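Peer 1: Here's a sequence, model it:
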Amino acid sequence: MDLKTSYLGLNLKNPLVVSPSPLSEPIENIKRMEDAGAAAIVLHSLFEEQITLAGNELNENLLQGKNSFAEALSYFPDLGDYKMGPDAYLEHVKRAKESAGIPIIGSLNGVSAGGWIDFARQIEDAGADALELNVYFIPTNPGMTSQALEEIYCQIVKNVKTIVSIPVAVKIGPYFSAMANMARRLDEAGADALVLFNRFYQPDIDLEKLEVKSDLELSDSRELRLRLRWTAILHGALNADLAVTGGVHTAEDVIKCMMAGANVAMLTSALLKHGIDHLTVVRDGVIQWMKDHEYESIKQMQGSMSQKKCPEPAAFERANYMKILTHYTPTLPSSR
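Peer 2: Have a look, this model is predicted:
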């Protein structure tokens with residue numbers, strides 16, 4: 001079986017890419033991931049706040065108003081918990097490159113168009129093969145328009161592309177009012193790939209302790225459907241590559257991503273649940289599925305079930321919407 005694919009101009013041995021998580025912090029895990037079947041690794045993120053603000057200053061900004069609403073303090077992070085500052089991150093990139101024979105992709109997480117973007121060049125200089133921009137922003141200001149928000153994203157991409165020569169991927173969320181147009185704008189801004197999609201974590205409230213609970217809930221395969229839908233829509237409509245992240249847990253999930261039109265499928269939650277060796281299970285499962293269904297290569301299936309293959313994509317989308325609503329038969333409990 002030919003599992004090769006390309007992503008961000010990189011030739012990969014298969015479409016399995018490890019996305020950012022604490023698993024990539026120990027250097028010994030990098031080599032383990034490669035041996036288990038990872039074709040590339042996106043390192044854990046370095047945050048804008050870690051670069052632009054000293055810890056004490058940021059803490060002071062976050063804790064304004066604490067005397068009015070003490071319960072809200074549980075929402076804010078203790079910046080002393082950050083395990084790795086900017087200098088240590090650069091050293092980590094260098095060591096990761098030395099320990100592995102597969103591409104290492106740095107990750108910057110931010111939202112403003114400020115000076116933290118200059119750190120992208122330092123990640124390149126440290127040896128990263130590419131850079132993933134994780135633009136994580138929830139617009140809470142009612143005065144911010146969708147146009148203003150979209151311009152922030154595009155400007156960040158433009159700024160980064162002017163200072164680095166390595167490929168740049170942009171990881172975004174799905175909640176734009178015109179997702180296809182936003183994807184095109186990021187493509188035109190210079191994004192070499194789009195990573196679909198960011199998972200916005202939803203805090204809960206502990207009514208007994210009167211605290212905000214920031215529990216992390218890992219994804220499962222049910223989250224894949226939103227990613228598949230937009231991957232299928234965008235495949236062939238952009239110059240940028242497409243990566244699916246969020247909900248990739250099994251070999252079947254990877255196959256679906258490829259058929260929708262993705263270049264790679266990214267795993268994190270599956271590895272946190274089952275361990276790094278789960279990469280081998282998924283890779284072997286992909287090979288077996290291809291044998292059973294007489295596929296010779298990953299490229300043979302990529303985009304085979306995208307909207308590009310439909311003569312009228314808009315009709316395709318509308319028809320599926322109607323079919324679901326008109327053919328669903330609810331199962332109701334029997335009356336007594």
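Peer 1: Report the buried residues of stretch 209-220.
Peer 2: By 16 or more other Cβ atoms under 10 Å, the buried positions in stretch 209-220 come out as 211, 219. Where you see a C-beta, it was placed from the backbone N, CA and C, and this is true even at glycine.
Peer 1: can you give me the end-to-end distance of that stretch?
Peer 2: 29 Å (Cα to Cα, to the nearest Å).
Peer 1: now stretch 186-201
Peer 2: Taking Cα to Cα, stretch 186-201 runs 23 Å from one end to the other.
Peer 1: cool, stretch 196-209 as well?
Peer 2: 36 Å.
Peer 1: Next, the buried residues of it.
Peer 2: So stretch 196-209, judged by 16+ other Cβ under 10 Å, has buried residues 196-199.
Peer 1: and of those, the nearest to residue 49?
Peer 2: Nearest to residue 49, judged by Cβ to Cβ, of the buried residues of stretch 196-209 is residue 198 at 17.0 Å.
Peer 1: And the closest residue to the closest one other than its chain neighbours, how far from residue 289?
Peer 2: Distances taken as Cβ to Cβ, 6 or more residues apart in numbering place residue 173 nearest to residue 198, at 4.4 Å, with adjacent residues excluded. Residue 173 is 30 Å from residue 289, where distance means Cβ to Cβ, to the nearest Å.
Peer 1: Tell me the helix or strand right after the helix or strand harbouring residue 185.
Peer 2: Taking DSSP states H and E as the criterion, residue 185 maps to helix 179-189. Later in the chain than helix 179-189, the nearest helix or strand by DSSP H and E is strand 193-196.
Peer 1: name the helices or strands packed onto that next one?
Peer 2: Where contact means 3 or more Cβ pairs under 8 Å, 6 or more residues apart in numbering; DSSP states H and E, strand 193-196 is packed against strand 168-172, helix 179-189, helix 224-234, strand 241-245.
Peer 1: If you count neighbours, what's buried in it?
Peer 2: Those would be 193-196, for strand 193-196 by 16+ other Cβ under 10 Å.
Peer 1: now the residues you listed as JSON lines including distance to residue 334?
Peer 2: Converted to JSON lines, those look like this (distance: Cβ to Cβ, whole Å):
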{"residue": "193", "distance to residue 334": "51"}
{"residue": "194", "distance to residue 334": "48"}
{"residue": "195", "distance to residue 334": "46"}
{"residue": "196", "distance to residue 334": "42"}
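Peer 1: Out of those residues, which is nearest to residue 17?
Peer 2: The closest of the buried residues of strand 193-196, once distances to residue 17 are taken by Cβ to Cβ, is residue 195, at 9.6 Å.
Peer 1: all helices in the stretch 51-200 of the chain, in order from the N-terminus.
Peer 2: 55-62, 86-99, 119-125, 146-163, 179-189 (DSSP state H, counting those that start in this stretch).
Peer 1: what about the shortest one, distance to the chain center?
Peer 2: The chain centroid and the centroid of helix 119-125 are separated by 20 Å, computed with Cα atoms, centre = their mean, to the nearest Å.
Peer 1: With the longest one instead?
Peer 2: Helix 146-163 has its average C-alpha position 18 Å from the chain's average C-alpha position, going by Cα atoms, centre = their mean.
Peer 1: what angle sits between it and strand 168-172?
Peer 2: With axes from the mean of the first three to the mean of the last three Cα atoms, to 10 degrees applied, the angle from helix 146-163 to strand 168-172 works out at 160 degrees.
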